[in-house]
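Colleague: Below are the sequence and a predicted model; questions follow.
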Amino acid sequence: MYTSQDRKVKDILVNGIHQLNYLTLMPQEFIFLKKQLPMAYNEQLADRISQILESRKVKYAEKKMFGGICYMVDDKMLIGIVKQQLMARVDPEDSPKALKRKGAVPMDFTGKTMKGFIFVEEDAIDMEEDLEYWVDLCLKYNPKAKASKKKAKAEVKAKK
């Protein structure tokens, strides 16, 4: 016989954390569920990306966003991980060629394709040279990429 807690755990593990209504949980249930949930993003992939950036002597910062992690270079989003997928920020001119690679799909985060952003399936980057291709493609575009509007506004205020 399932308890309400068992049903909640099963539902969350099957449907994902975004399906959870925190307001229906008792404090002890929340603590229990937090221990049961899988990590929000692929930490092994994050370690691999960090190693590649460090081997190339790239100064970067890690920032939690999109329920995952992003790597920022020169205060601009370089590459990230959302759940088990790589999120690559590439030159929109390079996108058609990059999308022909195994496991690459246009990023559709809000129901609208985001220009210059590509999701790459985990099995398409299991080889180091495949992951390095994506990191290098993102590094190539980073100097041309624009900083977020929030960052640009902050710089304007700081200059005044």
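Modeller: Looks like it came in fine.
Colleague: Is there a neighbour count for K149? I'd like the number.
Modeller: 8 (other CB atoms under 10 Å). C-beta here means a position set from N, CA and C on the backbone, and glycine is covered the same way.
Colleague: do L78 as well
Modeller: As a burial measure, L78 scores 22 neighbours (other CB under 10 Å).
Colleague: Three-state assignment for it, please.
Modeller: strand (DSSP: H, G, I helix; E, B strand; the rest coil).
Colleague: quick one: terminal-to-terminal distance for stretch 115-135?
Modeller: One end of stretch 115-135 sits 18 Å from the other (CA to CA, to the nearest Å).
Colleague: Buried residues of that stretch, list them for me.
Modeller: Buried positions in stretch 115-135, judged by neighbour count with 16 or more other CB atoms under 10 Å: 116-120, 124-125, 130-135.
Colleague: now stretch 56-74
Modeller: 58, 60, 66, 68-73.
Colleague: in this protein, which spans are strands?
Modeller: Secondary structure of the chain (DSSP state E): strands at 61-65, 68-73, 76-82, 85-89, 104-108, 113-120.
Colleague: any idea where the helices of this structure begin and end?
Modeller: Secondary structure of the chain (DSSP state H): helices at 4-15, 27-36, 43-55, 95-98, 128-141, 149-159.
Colleague: Quick one, grab the pLDDT at T3.
Modeller: What the model reports as pLDDT for T3 is 54.
Colleague: before we move on, what about M65?
Modeller: For M65, pLDDT reads 80.
Colleague: now do A145
Modeller: Confidence for A145, expressed as pLDDT, is 93.
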